[in-house]
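Q: Build me a model from this:
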Amino acid sequence: MAGGISPEFASKGLRGAPDRQGDVSSDIVEITDPTHPLFGRRFDIVSVDTVTCGESRVRVKYRFGLTLVLPISVTDLAPATLNILMVGMGMPRQEIWLARNYDALPICVACRP
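A: Next up is the predicted model:
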């Protein structure tokens with residue numbers, strides 16, 4: 001026993017138990033990345049491993065008693081990204097950059113003169 005906890009208990013993910021970042025908000029995770037082979041599938045969460053360096057992962061129940069470890073970025077647990085670009089108009093360098101790169105920008109809302 002390390003630190004008063006048996007290795008068997010410490011290695012198990014506890015469903016609905018708080019992780020290092022706070023409570024697990026849902027017991028189910030969905031694969032939301034359309035390029036992932038399991039896109040659209042939903043799984044029960046076993047545990048969530050959040051890390052400060054590298055990519056966080058979620059362990060889910062699969063079938064036949066197996067678990068899968070998935071990157072959080074392919075699930076609905078991934079943090080939302082904002083697709084808004086704010087450019088100070090009246091700044092020639094920013095206006096030139098925006099004119100050259102406008103079509104390649106992944107933004108949802110833009111005002112263009």
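
Q: For the rest of this, base every contact and every neighbour count on C-alpha atoms.
A: Noted.

Q: partner strands of the lengthiest strand in the chain, parallel or antiparallel?
A: When the chain is parsed with DSSP state E, its longest strand is strand 42-49. Strand 42-49 has the following strand partners under DSSP bridges: strand 28-30 (antiparallel), strand 57-61 (antiparallel).

Q: average pLDDT across it?
A: Averaging pLDDT along strand 42-49 gives 91.

Q: Please save the CA atoms from that strand in CSV.
A: Extracted C-alpha coordinates of strand 42-49, given in CSV (Å, rounded to 0.1, in the frame of the first residue of the first chain):
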residue,chain,number,x,y,z
ARG,A,42,-21.1,7.6,-26.9
PHE,A,43,-19.3,5.9,-24.0
ASP,A,44,-19.4,5.7,-20.2
ILE,A,45,-16.6,7.6,-18.6
VAL,A,46,-14.2,5.6,-16.4
SER,A,47,-11.8,8.4,-15.6
VAL,A,48,-10.4,11.7,-16.9
ASP,A,49,-6.7,12.4,-16.8
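
Q: Just the helices from the chain, written as ranges.
A: 7-11, 92-101 (DSSP state H).

Q: so what are the domain limits for this structure?
A: For the chain, automatic domain parsing gives the domain ranges 7-74, 81-113.

Q: Leu98: what's it in contact with?
A: Contacts here follow CA atoms under 8 Å, 6 or more residues apart in numbering; on that basis Leu98 touches Val87.

Q: got the strands paired with strand 42-49 as CSV, with distance to Ile96 columns?
A: Formatted as CSV, the entries for the strands paired with strand 42-49 read as follows, by distance: least, CA to CA, whole Å:
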stretch, distance to Ile96
strand 28-30, 41
strand 57-61, 40
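
Q: just for this protein, where's the confidence low?
A: 1-26, 52, 80-84, 106-113 (pLDDT under 70).

Q: and with 90 instead?
A: Applying pLDDT under 90 to the chain flags residues 1-27, 32-34, 47-56, 65, 72-74, 76-113.

Q: Contacts only, for Met91.
A: Counted by CA under 8 Å, 6+ apart, Met91 has zero contacts.

Q: got it, and Asp44?
A: 27-29, 60-61.

Q: Show me what it is bridged to.
A: Beta-bridge partners of Asp44, counted by DSSP bridges, are Ile28.
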